[in-house]
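> Predicted model and sequence below, questions to follow.
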There are 2 protein chains.
Amino acid sequence: MGVAAQVLKAMESSSAIRKAFEDGLQLKKQYGEKNVYDFSLGNPDLEPPEEVENIIKKIASSGEKGAHAYMPNAGYMETRAAMAEKVSSEQGVKVGADGVVMAVGAAGALNVIFKAILEPGDEVIVPAPFFAEYTHYCANHGGKLVPVSTKDDFSLDLDAIAAALSTKTAAVLINSPNNPTGKIYSENDIKALAALLEEHAKKGRKPYIIADEPYRAITYGGKKVSALFPFYDAAIVASSFAKNLSLPGERIGYLAINPACPDKDELFAACVFATRVLGYVNAPAFFQKVVAQAWKVPVDYSSYSERRDALTGVLKKAGIEFAEPEGAFYLFCKVPARKTDGCTDENLFCDYLKEYRVLAVPGTGFGKKAWFRLAYCVSKDTITNSLDSFVQAAKNW
Amino acid sequence: MGVAAQVLKAMESSSAIRKAFEDGLQLKKQYGEKNVYDFSLGNPDLEPPEEVENIIKKIASSGEKGAHAYMPNAGYMETRAAMAEKVSSEQGVKVGADGVVMAVGAAGALNVIFKAILEPGDEVIVPAPFFAEYTHYCANHGGKLVPVSTKDDFSLDLDAIAAALSTKTAAVLINSPNNPTGKIYSENDIKALAALLEEHAKKGRKPYIIADEPYRAITYGGKKVSALFPFYDAAIVASSFAKNLSLPGERIGYLAINPACPDKDELFAACVFATRVLGYVNAPAFFQKVVAQAWKVPVDYSSYSERRDALTGVLKKAGIEFAEPEGAFYLFCKVPARKTDGCTDENLFCDYLKEYRVLAVPGTGFGKKAWFRLAYCVSKDTITNSLDSFVQAAKNW
C-alpha cells in the first residue's frame, strides 16, 4: 500500500496552473466570483459556436444504432477522413485518413506519441518557455524533457537546439502559437529547424518533430502558423478542439503523421496500440461524430483580440512588461523588480497577487523564471475590473 | 526516428481480441455481415436504454453555459456524488464523493491507479484467466502482471495467491464477474483473500485489492457480486458504463477508494494527478453529465440470459465443453482434442474456426491455453445461425 515515490515527488513540484485554479475556487467562495480576477487556466470562456451546439443536438437525436459502441481504436473512418482534410489544408500536403488517430485531447495525443516512440532514457527537446505538463507526458513513458532557451523575442534559438541534440534525442517538440508566450515560430525558423535536424540525422538518429497545435486557429493581425510537413518528413501534428471550438472538457483531439514519414505505417500502428493500452481505447464516440461535422464551422476569435488589447492596456497602465502575443490567449509577463530589493521571484509575486485577488501562474512551471502567465480567455469585465488590482499590486510591490 | 523497441515487442504479442475484431471486418466484407459469426469483442449489441437516450437529448439541449469547459480533474462534483451513491449501495459502506475520481472508462481508471501506486518493478497479482490488456496496463507504469492459477471451477486459489505474494506485490487485481470465464468470486473467497493479505501485510507491505467491476450489474440466476470494502480497507473499485449501459465508445468510468483505506487522501490526490498527467485530464464532460442521471436507470439484461442459453445450447450440440457463466457475457470454452493427434492448440483452433466464419479469441491472451472465448453480446440470430458452423467445425477438427 502507498503511492509510488516518483508520483509523490512529481506531485510536489507539480502544476502551478492547477494549483492556481484550485486556489481560485477558494478565493471565489470567499470574495464572490466577480471580485476575483482569475487568469490562471486556459479554459476558454467563449461558448462553442451555435452551429456546434446544433450539431450536438442533431447527433443526440439521430437515433443511430450502435452510436455509443466501440469502433476501431483509431476512431471512426469518417472522423479521421475529416481530420485528414483539415490537416491537409493546414499543412499544404495531402494527408490521408490512414495517417490520423483520434485522441483524448491533444494531451492524450502527446502521451500516445511518446508511448509509441520513447525508449527508456530518450530525450525530447522543447524550446522554453513551454507548457508545464510536457515534463510529465515524457516522464510517463520513460523519457526526459530537455528544455532549451529561446531568443529574447521567444523565437527559436537554433544554436541552443543544436547544442542539446544527441543520439538520445527522440524528438523536438514545438508548440506554436506557444503557451505561455503566444509566439508563432516563423516559417523560416521551421525550415531552419528542419535543416538542422536533417544534418544531425546524418550522425545516425533522426529525431521526429512533434507540433502541438491546439492554438493554430487563434492568431492575431492575420498571422499564419507555418506548415511543417512540407519541410520535414518525420513529423507529427497533435491537436484538439479544446481551444478553437471551446470543447476542452470533452477530450477530443487527434494526431496526424506526415505521409512522407519513412516509418509512417509502423508509427501509425504503434500510436493505435498506445491508444488502446494506455486505456483511452478510443476518443469519445459522441464528440468524434461532432467534430467530423464541426471542424469547418467558422469561429469569431475577435473577442480574444479585444481582450488581448484590453489586458495589455491594463498592464501598460500598471507598468508591467509583457511579450506581445501573436496567437493563443496567454500573456507572458515579466515580474517587476521589487522596490525594496529588486526581487523578481515569480512564485513570491504570484502569491502576492492573490492579495489583490489576481490569479496568475508563475513562469517556473513553464521553464522561465522571473516571468508569469496570464490567460485572457476570461470575460472582458474580469479584465477591465482587474485594472485597479494590477495598478495597486505593481505600485506596492 | 522509429517506434520504441518495447512497443514493437508488445505489439507483436498483442491483443488477439482486437486482431479477431479486425479479421472480422475483413470476413464480413467478403461474406456479408450476416454470414459471419463474430464472437470476438465485448462490444454490447444492446442499445442503451431509451431513458438514457432521452437523458442524452436533454443534456444536448440544455443550453447550459460552460457545459464543455474544463472542470476539476476528478470530475464534476455532482457526478462524483452520484457515483459515490452507486458504490455505497454496492459495497454496503458509505463512500463519499471525495473518494471518487471520474475516469476515461475502466481501462482509464486502471491505468490511473497503476500510475499512482506502482514503483518500478512492482508486481500485480491477477487470478488467471484474466482480461489480456491488464498486462499492458501494468507494464505502462513500470509494473509487472503476475498471473496465478485459479481452481478448476475458476474460483480463487488462495494457495496460488499466497505463493505469489512478496514485498514486490503492490496489488491483487480481481475481476468479478470475470472476463473471460463469467465466474463470480464468492463472498467467502473475497473474505479469505482479505484475510490472506492482512496476514501477509504483517511482513511489511500491504497490497491493495483492486476490483475491476464493469460487469457487476450483469449476472444470471439472481447471483450477486460480493462487496469488498467491508472486508478489506486498502481497496479500490474501478468500473464504467461500457457494459451495463452499453456506452463503451463514450469512455466513461470511475474509480472509488474505500473510505477506510489508511492512505485514502494521498491515494486520491495521486489518482487525480495521474488523471491529469496521463493526458486524460478529465473524463469526457458530456457523458459525466449523462451518467450522473443515468446510473439508476433500470436495464433489462434478460436478453443476455437468453443468448447465454442459446449459445450454450449450440455448443452442447457441437459437443464443445465450456464453463457455465454466472455473469458478464462471455463463454469460456475448451478447445476440443483434434481427432488425428489430440491437439488442443487454441490459436490453431481459432484460426480453423475462421474457415467456418466463426470468430473467437484464443485463451492464450487470457493466460489460459487450450481454451477460447466467445462473447455473446451479439444478436440472437448470430448465435442461432452459427449452429451449423460449430457442429461442422467440431466434427471436422
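Structure's in. What do you need? Not measured: the values here are computed from a predicted model.
> dump the residue contacts of the closest residue to A:Leu46 other than its chain neighbours.
In space, and not counting its chain neighbours, A:Leu46 is closest to A:Ser246: 4.9 Å by Cβ to Cβ, 6 or more residues apart in numbering or on different chains. All C-beta atoms are positioned from the backbone trio N, CA, C, and that covers glycine. Shown in contact with A:Ser246 (Cβ atoms under 8 Å, 6 or more residues apart in numbering or on different chains): A:44, A:46-48, B:68-69.
> which one of these is nearest A:Gln30?
Nearest to A:Gln30 among the contacts of A:Ser246 is B:Ala69, at 21.9 Å by Cβ to Cβ.
> and the closest residue to A:Ala294 other than its chain neighbours, what element?
Using Cβ to Cβ, 6+ apart and skipping the chain neighbours, the partner closest in space to A:Ala294 is A:Val52 (4.6 Å). If you go by DSSP states H and E, A:Val52 is part of helix A:50-60.
> Give me the angle between that helix and helix B:50-60.
Per axes from the mean of the first three to the mean of the last three Cα atoms, to 10 degrees, the angle that helix A:50-60 makes with helix B:50-60 is 180 degrees.
> Please report the distance of A:Thr364 from A:Phe130.
Distance, A:Thr364 to A:Phe130, by Cβ to Cβ, to the nearest Å: 12 Å.
> The two: which is more packed in?
A:Phe130 (25 against 19; other Cβ atoms under 10 Å in any protein chain shown).
> and that one, what does it touch?
With Cβ under 8 Å, 6+ apart, A:Phe130 has these contacts: A:145, A:147, A:173, A:175, A:178-179, A:366-367.
> swap in A:Asp345?
Residues near A:Asp345 by Cβ under 8 Å, 6+ apart: A:335, A:369-370.
> quick one on the thing from earlier: right, and the helix or strand after the helix holding A:Val52?
helix A:77-91.
> Mind giving me the packing neighbours of that following helix?
Applying 3 or more Cβ pairs under 8 Å, 6 or more residues apart in numbering or on different chains; DSSP states H and E, we find helix A:77-91 packed against strand A:100-103, strand A:235-240, strand A:253-257, helix A:285-294.
> for the ones you listed, which one sits closest to A:Cys343?
Ranking the helices and strands packed on helix A:77-91 by proximity to A:Cys343 (Cβ to Cβ) places strand A:235-240 first, at 37.8 Å.
> helix, strand or coil for A:Ile174?
Three-state call for A:Ile174 (DSSP: H, G, I helix; E, B strand; the rest coil): strand.
> Was I right to think it contacts A:Pro127?
Yes. Shown here, A:Ile174 and A:Pro127 form a contact pair, counting by Cβ atoms under 8 Å, at 6.7 Å.
> what's the overlap in contacts for the two?
Common neighbours of A:Ile174 and A:Pro127, using Cβ under 8 Å, 6+ apart, are A:Leu156.
> the more surrounded of those two?
A:Pro127 (29 against 23).
> Quick check, pLDDT for the more buried one.
For A:Pro127, the pLDDT comes out at 98.
> Quick check: it touching A:Lys151?
No. The pair A:Pro127 / A:Lys151 is not scored as a contact, 9.5 Å apart, by Cβ under 8 Å.
> Could you tell me which residues touch both of the two?
Joint contacts of A:Pro127 and A:Lys151 (Cβ under 8 Å, 6+ apart) are A:Asp157.
> circling back: so which of the contacts of A:Asp345 sit within strands?
Within the contacts of A:Asp345, no residue falls in strands by DSSP state E.
> Reformat those into CSV and put neighbour count and pLDDT next to each item.
Output for the contacts of A:Asp345, formatted as CSV (neighbours: other Cβ atoms under 10 Å in any protein chain shown; pLDDT from 0 to 100):
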residue, neighbour count, pLDDT
A:Val335, 25, 98
A:Lys369, 14, 96
A:Ala370, 16, 97
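> nearest residue to A:Glu119 other than its sequence neighbours?
B:Ala4 (5.1 Å).
> How much space separates A:Val146 from A:Leu255?
21 Å.
> The two - which one has more neighbours?
Counted by other Cβ under 10 Å, A:Val146 and A:Leu255 do not tie: A:Leu255 has more neighbours, with 31 against 19.
> Show the pLDDT at the nearest residue to A:Lys289 once chain neighbours are set aside.
Ranked by Cβ to Cβ, 6+ apart and with sequence neighbours excluded, the top spatial neighbour of A:Lys289 is A:Ile59, at 5.0 Å. A:Ile59 is assigned 96 on the pLDDT scale.
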